[in-house]
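Asker: What follows is a predicted structure for the sequence shown.
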Amino acid sequence: MQFWPQGTSQEEGRLGQTAVIRPRQVLGIYPVFALGAARGLRRMRRMNSTVFSREEVAATLRPIEQATWLPQRAYVDDAVYKEEMRSVFEKEWIALFHHTLLLKIGDYKTMQVAGRPLLFVRDQDKKIRCFVNICRHRGMAIAKGTGNCTRFVCPYHTWAYDLNGRVIRAPLIEKKWQDGHVRLTEVKTEIFIGFVFINFSVDAPSVASKLPSVAADMAAWGEADLDVSFENVYTHKWNWKLMTDNAIEAYHVVGLHGGSAEGDIPTETAYVTAPDDGRTHAIIHMPFAKDKKFKPPGAMDAIGTIPNLPAWMDKEMRWYNLWPCSIIFSREDAIAGYFIVPGDNIDEIQVIITMAMPKEAKNRPEYAAYKNEWAKYQDQIQQEDMVACERLQRSYTGCNEWKPGPYAATEATCWYFHRWYLSRLGITTN
């Protein structure tokens, strides 16, 4: 299903495996629905949600021109967050960093994700592995920060582990604990178009199998020889969905980013597509203003060009919003990730913004300045978003006067996301 801005003319194109047709007719700011999508909405049925009643979220499940936002409780109720941990983050893929951040054998980094301490390492076979960062003896963290090593040694009782997570030394303990069959708990890991994704479910289908149209659209970047350029990390005190809602819609660009991005990618021309009817992701399309490109003010247009780029790259920016909280976008010279990492509590998150550029670009004299311009620009955009998110969290937490409002056409990504989210909590479609 697609949502186009008012006044667009008919045009056919391709989006992954989805044919795109721009309708001439719109109702208000919304286009006419495809009949099949409307029928799909009528098939909504009640499942066994433990945190929301059907009545509480009925307005969110309506067709978009009639729907209203998620209820306030979704952002502030600890019981909701506990259920999200079980029904969302125990089962869904989450992107965390570009794989070249761990480039050499033995490179490692630690992270806290959805209440779990994690350890990432590139092993002897050059594969990136993820382990729960707790010793099999008494539960002590065996590593912290980032670095490079040949083995991990628990600081508590000096149990040692190889890069594959096997116990190789357990002082004064029976030899059977040291024969290689005892290992750190491993978390399912996959590299998809260059980014490291994890899933706590051992039965989860691969990222690539869930997102074939995204893989096709982003093939040029996935095949390019890229290297991480920068990584900005932020810690915030608000709910993960609040940050996700903000990041995946184009409606706020005219307000929050009026001086930083609106001139390059105007809100009024933005539109949304969902190639699989929003079951796994939705895409924001933001056509460039005349003679403009999305870039830091005053920066050079690009530091190089990745081979075999799709034709749309010259016309618009696309943000691929992958449920629940991973966002990927690209330029002719880079691929970037905006990753929202749920914390231990309902109002704690990290945001990781990272960009990877062609390796050969690092040899150019202008690379350092160009990289710094992009790092500063992404920080500026995030600082602008932070103002709104902090105030929204305060409003949601401190008062009950807010009543959920409608979705704009350029917030259709949020409508898809909210439907998907509710389905994971037990309210879904056939």
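Answerer: On my side now, so go ahead.
Asker: what's downstream of the helix or strand hosting residue 383, the next helix or strand?
Answerer: Applying DSSP states H and E as the criterion places residue 383 in helix 367-398. Proceeding N to C from helix 367-398, the next assigned helix or strand is helix 412-424, under DSSP H and E.
Asker: could you say what helices and strands that following helix packs with?
Answerer: With contacts defined as 3 or more C-beta pairs under 8 Å, 6 or more residues apart in numbering; DSSP states H and E, the packing partners of helix 412-424 are helix 240-247, strand 271-273, strand 281-287. Quick note: C-beta positions are derived from backbone N, CA and C, even for glycine.
Asker: Can you give the contact residues for that helix?
Answerer: Applying C-beta atoms under 8 Å, 6 or more residues apart in numbering, the set of residues contacting helix 412-424 from outside is 3, 49, 52, 57, 60-61, 64, 67, 69-70, 87-88, 91-92, 241, 244-245, 248-250, 272, 274, 278-280, 282-284, 321, 323-324, 407, 428-429.
Asker: next one: stretch 338-348
Answerer: Outside stretch 338-348, the residues that touch it by C-beta under 8 Å, 6+ apart are 75-78, 80-81, 84-85, 89, 94-97, 111-115, 235-240, 243-244, 247, 325-329, 349-354, 393, 397.
Asker: residues in contact with the residue nearest the centre of the chain?
Answerer: The chain has residue 326 as the residue nearest its centroid, 0.7 Å off, counting by C-alpha atoms, centre = their mean. Residues near residue 326 by C-beta under 8 Å, 6+ apart: 93, 94, 95, 195, 197, 337, 338, 339, 340.
Asker: chain center to whichever helix or strand the third one is part of, what's the gap?
Answerer: In the assignment (DSSP H and E), residue 95 maps to strand 94-98. Relative to its parent chain, strand 94-98 has a centroid offset of 8 Å by C-alpha atoms, centre = their mean, to the nearest Å.
Asker: how distant is the following helix or strand past it from the center of its chain?
Answerer: Per DSSP H and E, the first helix or strand lying C-terminal to strand 94-98 is strand 107-113. With C-alpha atoms, centre = their mean as the basis, strand 107-113 stands 18 Å off its chain's centre.
Asker: tilt between the helix or strand following strand 107-113 and strand 107-113?
Answerer: The helix or strand immediately downstream of strand 107-113 is strand 116-122, counting by DSSP H and E. Using axes from the mean of the first three to the mean of the last three C-alpha atoms, to 10 degrees, the direction of strand 116-122 lies 160 degrees away from that of strand 107-113.
Asker: strands paired with strand 116-122, and their directions?
Answerer: strand 107-113 (antiparallel), strand 128-132 (antiparallel) (DSSP bridges).
Asker: Please convert the helices and strands packed on helix 412-424 to JSON lines, extending it with distance to residue 103, mean neighbour count and mean pLDDT.
Answerer: Below are these laid out as JSON lines (distance: least, C-beta to C-beta, whole Å; neighbours: other C-beta atoms under 10 Å; pLDDT from 0 to 100):
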{"stretch": "helix 240-247", "distance to residue 103": "28", "mean neighbour count": "23", "mean pLDDT": "98"}
{"stretch": "strand 271-273", "distance to residue 103": "35", "mean neighbour count": "24", "mean pLDDT": "98"}
{"stretch": "strand 281-287", "distance to residue 103": "28", "mean neighbour count": "24", "mean pLDDT": "98"}
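Asker: need those in a markdown table with distance to residue 208, can you?
Answerer: Below are the helices and strands packed on helix 412-424 laid out as a markdown table (distance: least, C-beta to C-beta, whole Å):
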| stretch | distance to residue 208 |
| --- | --- |
| helix 240-247 | 22 |
| strand 271-273 | 20 |
| strand 281-287 | 13 |
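Asker: quick one: low-confidence ranges for the stretch 151-300 of the chain?
Answerer: Across the stretch 151-300 of the chain, not a single residue meets the criterion (pLDDT under 70).
Asker: so how far is residue 354 from residue 367?
Answerer: Look at residue 367 and residue 354: by C-beta to C-beta, to the nearest Å, they are 16 Å apart.
Asker: Would you confirm that residue 382 contacts residue 233?
Answerer: No: under the criterion of C-beta atoms under 8 Å, residue 382 makes no contact with residue 233, lying 10.4 Å away.
Asker: Pick out whichever of the two has more residues nearby.
Answerer: Neighbour totals were compared for residue 382 and residue 233, and residue 382 leads with 18 against 13 (other C-beta atoms under 10 Å).
Asker: Tell me, what's the model's pLDDT at the nearest residue to residue 157 once chain neighbours are set aside?
Answerer: Leaving out its chain neighbours, the residue that sits closest to residue 157 by C-beta to C-beta, 6 or more residues apart in numbering is residue 137, at 5.9 Å. Predicted confidence (pLDDT) for residue 137: 94.
Asker: Pull the number of nearby residues for residue 137.
Answerer: Counted with other C-beta under 10 Å, residues neighbouring residue 137 total 17.
Asker: still on that earlier bit, more neighbours, residue 367 and residue 354?
Answerer: Neighbour count, other C-beta under 10 Å: between residue 367 and residue 354, residue 354 has more, with 24 against 17.
Asker: Am I right that that one falls within a helix?
Answerer: No: counting by DSSP: H, G, I helix; E, B strand; the rest coil, residue 354 falls outside a helix, being strand.
Asker: From what I see, it and residue 336 are in contact.
Answerer: Yes: Residue 354 is within contact range of residue 336, at 6.7 Å (criterion: C-beta under 8 Å).
Asker: which of the contacts of stretch 338-348 are buried?
Answerer: Among those, those classed as buried by 16 or more other C-beta atoms under 10 Å are 75-77, 80-81, 84-85, 89, 94-97, 111, 113-114, 236, 238-240, 243-244, 247, 325-329, 349-354, 393.
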